[in-house]
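**Student:** Got a sequence here, can you build the structure:
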Amino acid sequence: MKRYPDITKSFDENGYYLARGVFPPEAVRELERDFDRIVATNAARNENSNRRWVGDNPDLQVAANLVINHTHQVQSYSARWLQAMMDPVFLDAVEGIIGPDIVLHHSKLLQKPAEKGAPFPMHQDWTYFPSEHDTMIGGTIAVTRATDEMGCLRVYPGSHKLGRIAGTDGQSQSEFLAKNYPLSGATIIEAEAGDVLFFHYFTVHGSMPNRSPHVRKNVLVQMHSGKDRIEAGNHHINSKLVLRGWNHMASRSYAEAG
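**Tutor:** The predicted model follows:
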């Protein structure tokens with residue numbers, strides 16, 4: 001938190017924060033090496049990792065022939081990626097947002113291929129893994145540069161204050177988002193390799209296609225406070241891994257549950 005002294009106030013006001021230089025170049029090279037190995041491993045096993053979004057959202061219609069390589073739980077493949085999630089600089093930034101008790105919900109590898117990387121429509125994340133106290137945040141680690149041409153993330157500052165808006169999962173058309181939060185009007189957040197963009201799971205966000213000659217690589221890490229937990233009945237992937245501090249919700253039955 002000392003490295004980013006303004007993170008608490010800025011995140012509270014805007015619902016996002018771009019932390020520059022969290023991971024130095026040598027670390028980024030190691031992380032990219034394992035990132036590429038994960039992609040290659042899945043390809044060698046003929047596992048279809050193209051998880052282009054589908055639905056009747058008009059923002060998705062341009063994506064018919066586009067691709068997004070997607071893999072959950074990178075820490076299940078790579079110890080180096082688990083180390084990255086427990087990096088002191090990374091966790092100091094997270095602590096500045098949600099406090100000293102930090103629980104990993106899941107991670108996700110995302111790769112937008114050059115010239116054909118699929119977009120993400122404007123959406124909120126809460127519908128996929130709602131937590132009781134809504135402390136869930138994402139931290140997207142830039143493994144490569146992320147420019148507007150490469151389909152970097154776009155956000156609407158302050159939109160986290162909307163809270164839970166029904167029908168904002170991005171899979172179907174939301175008249176509310178289309179009218180008030182179009183993808184074309186969102187704030188463009190360009191990043192360098194090693195930067196981390198943190199955002200609340202209420203923050204309205206999305207991204208354009210990658211039309212550049214460069215591959216865009218990032219890993220999204222979803223975390224919540226150790227004083228929070230996922231709502232009952234939600235069966236999305238849940239790591240329950242304590243990255244820092246204590247999980248105040250843990251019990252024997254909680255830890256053993258799938």
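**Student:** low pLDDT regions in the stretch 51-200 of the chain?
**Tutor:** 51-64 (pLDDT under 70).
**Student:** what ranges do the strands span in it?
**Tutor:** 69-72, 102-112, 120-123, 137-142, 153-155, 187-188, 196-200 (DSSP state E, counting those that start in this stretch).
**Student:** Who are the packing partners of the longest one?
**Tutor:** Pointing back at strand 102-112 there. helix 25-44, strand 69-72, helix 79-85, helix 88-98, strand 216-225, strand 241-244 (3 or more C-beta pairs under 8 Å, 6 or more residues apart in numbering; DSSP states H and E). For every residue, glycine as well, the C-beta is placed using N, CA and C.
**Student:** before we move on, back to that, could you dump the strands of the stretch 51-200 of the chain into CSV and include mean neighbour count and distance to residue 83?
**Tutor:** Shown next, in CSV, are these (neighbours: other C-beta atoms under 10 Å; distance: least, C-beta to C-beta, whole Å):
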stretch, mean neighbour count, distance to residue 83
strand 69-72, 19, 18
strand 102-112, 24, 13
strand 120-123, 25, 27
strand 137-142, 25, 12
strand 153-155, 24, 24
strand 187-188, 12, 31
strand 196-200, 26, 15
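**Student:** Would you format those strands as TSV with distance to residue 163 included?
**Tutor:** Converted to TSV, these look like this (distance: least, C-beta to C-beta, whole Å):
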stretch	distance to residue 163
strand 69-72	27
strand 102-112	19
strand 120-123	15
strand 137-142	15
strand 153-155	16
strand 187-188	20
strand 196-200	10
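**Student:** nearest to residue 81, of those strands?
**Tutor:** strand 102-112 (7.3 Å; C-beta to C-beta).
**Student:** Quick one, grab the pLDDT at residue 206.
**Tutor:** pLDDT recorded at residue 206 is 94.
**Student:** Checking it next. Helix, strand or coil?
**Tutor:** strand (DSSP: H, G, I helix; E, B strand; the rest coil).
**Student:** which ones are touching the closest residue to it other than its chain neighbours?
**Tutor:** In space, and not counting its chain neighbours, residue 206 is closest to residue 122: 4.1 Å by C-beta to C-beta, 6 or more residues apart in numbering. Contact partners of residue 122, counting by C-beta atoms under 8 Å, 6 or more residues apart in numbering, are 59, 154, 156, 170, 174, 177, 181-183, 186, 204-206.
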